[in-house]
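S.K.: need a 3D model of the following:
(2 chains)
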Amino acid sequence: MTTSSFERDRCTRISPSAVLDDRLDGKDLEWARDHLRRCETCRERVEDFREMLLRVGRLPSAVVGPAAMDEAFALSIPDRLRAEAGSRSYDVAPAPPAPAPTELPSPARPGISSVPDLLTELEREIFRDEPGQDHPTRLSPMPEPLYPTMAEPQELDAEKPVEPVPTHSFYEPAPDEAAPLEPEPTEAAIEPEVAAPQPVEAWPASLREVPVDSHREVENNDWAAQADPDRWEPQPESVHAEPSRWDAIVAETAEHQVEEQHIHPFDQVSEVAAPVSAGKPDNAMRIAVGLGAAACVLLAAVLYEGGLISKVLNRSTSAAKVVATAGVRPTPTLRASISPSLSPTPAATAPVLFTLGNGVGGETMFRIRSGTAVAAYTRLVFDMHGTGLPTMVISQPDALHLVVTFKDTNVTSAAVNGISTRRVAAIEPGVQQGPDGIMTIDLARQVQVKATTLNATGGYAWRLVMDLYDG
Amino acid sequence: MEREFYSDFPLVLNYVARLMDDIDGAAAVTCAAFRQIADGLRHRPAGEGMRRADVLRIATELSRQSLRPRRWFRRNRSLQVTLAGFPQAEARRTLRRDTVQRALSALPFEARAMILLRDFVKLSYDELAEVVDVAPRKLVHALDRSRAEFGEIYDYIKF
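M.R.: Just a heads-up that it's a prediction; the model follows:
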């Protein structure tokens, strides 16, 4: 836990992290104590590191209100699991302030009490005989900015009454006195909510289906064009005193229209309006539609030439999964997209390419790494915790899917997002079928598979290595 | 699971916000991490809840992938989740003007994650080794390097 080197004539024998994080014991601890008594350089380094540690530990935390928590819960936890969990039976504290540390004794200096107390103990030992001498690298008070909406950090103030740095756990309920600390949500900060899809409501019974003629021009409704009755002025009487037959027909039609206008509700005026003879064609609209169609054809041609359409088609399944994982909103479409039907279940007749491993059970496949510096193939490495290699069966149900079955192994904790290469479109989340874990690899093209296993050595875990070559 | 979510979510959200230096995009990553863990819980024995280390590991991985530069035709859709009243404008501004945060954001991703997980989230060494996938015996030296680099950057920019 210690280093034995000098860096620019500066002693670096002590590893400050080992001291501060209480990672020393036995002879190492004795040696470190002895060295810290004598080496001022190492003492300063440890103090510097302690300041760094405290600064990061005092970083303020943004407050997440109960409404945001509820919304995040709805977004994060699928409905099926939420139903199992039931409704929340406790309140969420608005802000997690530090509980009053009444039981703790007052430390010698503020800000140092939250770290492991090895150095404090050392200081007591070192300066026990010199009570007047303080530590050479005393923390200087730093001006901190105000944190109006984030949880208030503990100031590193020497004059302030001794108060430990917030060491409260986030799992502890917040006391009531912190409630006023939670700021009211600023209206400007609230981003507009995405309009949730409204459920389709049944049409009211008073509405009827209305045939729409898209070529019909806007009607010039004479009734609307008429003057307001209040401002209506009497028209001069017709010159012809004797009404003709056509006048009678026109008058009858007008009466009929007036009756219908009064009978039908407002939203059915278009239904009863008399069809107007076809007017001038809407040339502007037709030109716009034509130009749009031409642009679409041109864009499709460009994409086809660039080969992007096939990529998009190949990536459609992975895109659906990315959306599902990102989980913008738990819409029915989203839930439908994460259904496991995307991945083909390993059929019993799927040809088995490789069977590897030593048959060890109880493993955990915890990570998948992808990529290689060599462009000729794509390497996928499955890292496994445990005492050995489980039995791994690699099968290929179809040309664009590979299924790796880890016998008696948990595979659900491996992150699969973002693994996308020239040959691998995506890796689907691990599925546990009884004790066996199944990983499905969506291929972007046909590949030839080479697989091997590697034992755990050094910092590496047990590994399954798959190299995918172009088929 | 619900209790674990309500107790872990603010911590993970703040960790991701610090890690990505993006308080706006942190909610999406955090929700995705919890969702992935919740999906995985279906295949675990009944009564087994979310482990904080698992959530943080997935959140770290998603943050890394989110920050990874991509070519324009492979660019992922930016994940945006809008939570009611989060983040507040003042919180966003505070994150930007925080000197410690600026120094953290100048660190490499692994070093930043390691410092935040140890000193901000206050994980134990065993949990930290599991999250960042570094052997426990190497963690001390990795933390030493990360903290030293962080201290140099902070001393350089603090004025």
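S.K.: okay, now the unreliable bits of the stretch 251-400 of chain A?
M.R.: Residue ranges of the stretch 251-400 of chain A with pLDDT under 70: A:251-281, A:307-349, A:371-373.
S.K.: repeat that for 90
M.R.: A:251-286, A:299-389, A:396-400 (pLDDT under 90).
S.K.: same thing with chain B?
M.R.: B:1-8, B:21-27, B:35-52, B:65-99, B:133-137, B:155-159.
S.K.: contacts for the lengthiest helix in chain B, please.
M.R.: In chain B, assigned by DSSP state H, the helix with the most residues is helix B:136-157. With CB atoms under 8 Å, 6 or more residues apart in numbering or on different chains as the test, helix B:136-157 has contacts from A:1, A:3, A:15-18, A:21, A:23, A:48-49, A:51-53, A:55-56, A:459, B:99-100, B:102-104, B:106-108, B:110-112, B:114-115, B:118, B:125-126, B:128-129, B:132, B:134. Bear in mind the C-beta positions are built from the backbone N, C-alpha and C, glycine included.
S.K.: buried members of the residues you listed into ChimeraX, please.
M.R.: Selection of buried members from the contacts of helix B:136-157 for ChimeraX, criterion 16 or more other CB atoms under 10 Å in any protein chain shown:
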select /A:1,15,16,17,18,21,23,48,49,51,52,53,55,56 /B:100,102,103,104,106,107,110,111,112,114,115,118,125,128,129,132,134
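S.K.: what about the contacts of helix B:136-157, which are in helices?
M.R.: If you go by DSSP H, the contacts of helix B:136-157 have A:16-18, A:48-49, A:51-53, A:55-56, B:99-100, B:102-104, B:110-112, B:114-115, B:125-126, B:128-129, B:132 in helices.
S.K.: need the residues of the stretch 351-471 of chain A near chain B, please.
M.R.: Contact residues (CB under 8 Å from any CB of the partner chain) of the stretch 351-471 of chain A with chain B: A:367, A:410, A:412-413, A:415, A:417-418, A:420, A:429-432, A:458-459.
S.K.: which among these end up buried?
M.R.: By neighbour count, with 16+ other CB under 10 Å, these hold A:Arg367, A:Asn410, A:Thr412, A:Ser413, A:Ala415, A:Asn417, A:Gly418, A:Ser420, A:Pro429, A:Gly430, A:Val431, A:Gln432 as buried.
S.K.: of these, which one scores lowest on pLDDT?
M.R.: Least confident entry in those, by pLDDT: A:Gly418, with 75.
S.K.: in the stretch 351-471 of chain A, what residue lies closest to chain B?
M.R.: Closest to chain B within the stretch 351-471 of chain A is A:Gln432: 3.2 Å, counting by CB to the nearest CB.
S.K.: isn't that residue up against B:Asp39?
M.R.: No. Using CB atoms under 8 Å, A:Gln432 makes no contact with B:Asp39, being 11.0 Å away.
S.K.: show me the common contact partners of those two, please.
M.R.: With CB under 8 Å, 6+ apart as the test, A:Gln432 and B:Asp39 both reach A:Thr412.
S.K.: quick one: contacts for the residue of the stretch 351-471 of chain A closest to chain B?
M.R.: Contacts of A:Gln432 by CB under 8 Å, 6+ apart are A:Asn410, A:Val411, A:Thr412, A:Ile438, B:Arg42, B:His43, B:Arg44.
S.K.: max pairwise distance over those: which two?
M.R.: Of all pairs drawn from the contacts of A:Gln432, the greatest distance, 15.1 Å, lies between A:Ile438 and B:Arg44 (CB to CB).
S.K.: okay, the two: which has more neighbours?
M.R.: A:Ile438 (20 against 14; other CB atoms under 10 Å in any protein chain shown).
S.K.: grab the nearest non-local neighbour of the more buried one.
M.R.: Computed as CB to CB, 6 or more residues apart in numbering or on different chains, the closest residue to A:Ile438 that is not its neighbour in sequence is A:Val431, at 4.8 Å.
S.K.: dihedrals phi and psi, that neighbour?
M.R.: For A:Val431, the backbone dihedrals (degrees, to the nearest 10) come out as phi -120, psi 130.
S.K.: how close does it sit to A:Phe406?
M.R.: Counting by CB to CB, to the nearest Å, the gap from A:Val431 to A:Phe406 is 11 Å.
S.K.: re the thing from before, can you put the residues of the stretch 351-471 of chain A next to chain B in a markdown table and add secondary structure?
M.R.: Shown next, in a markdown table, are these (DSSP: H, G, I helix; E, B strand; the rest coil):
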| residue | secondary structure |
| --- | --- |
| A:Arg367 | strand |
| A:Asn410 | strand |
| A:Thr412 | coil |
| A:Ser413 | coil |
| A:Ala415 | coil |
| A:Asn417 | coil |
| A:Gly418 | coil |
| A:Ser420 | coil |
| A:Pro429 | coil |
| A:Gly430 | coil |
| A:Val431 | strand |
| A:Gln432 | strand |
| A:Gly458 | coil |
| A:Gly459 | coil |
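S.K.: of those residues, which pair is most distant in space?
M.R.: A:Val431 and A:Gly458 (31.3 Å).
S.K.: returning to what we had before: could you give the bridge partners of the residue of the stretch 351-471 of chain A closest to chain B?
M.R.: A:Gly437 (DSSP bridges).
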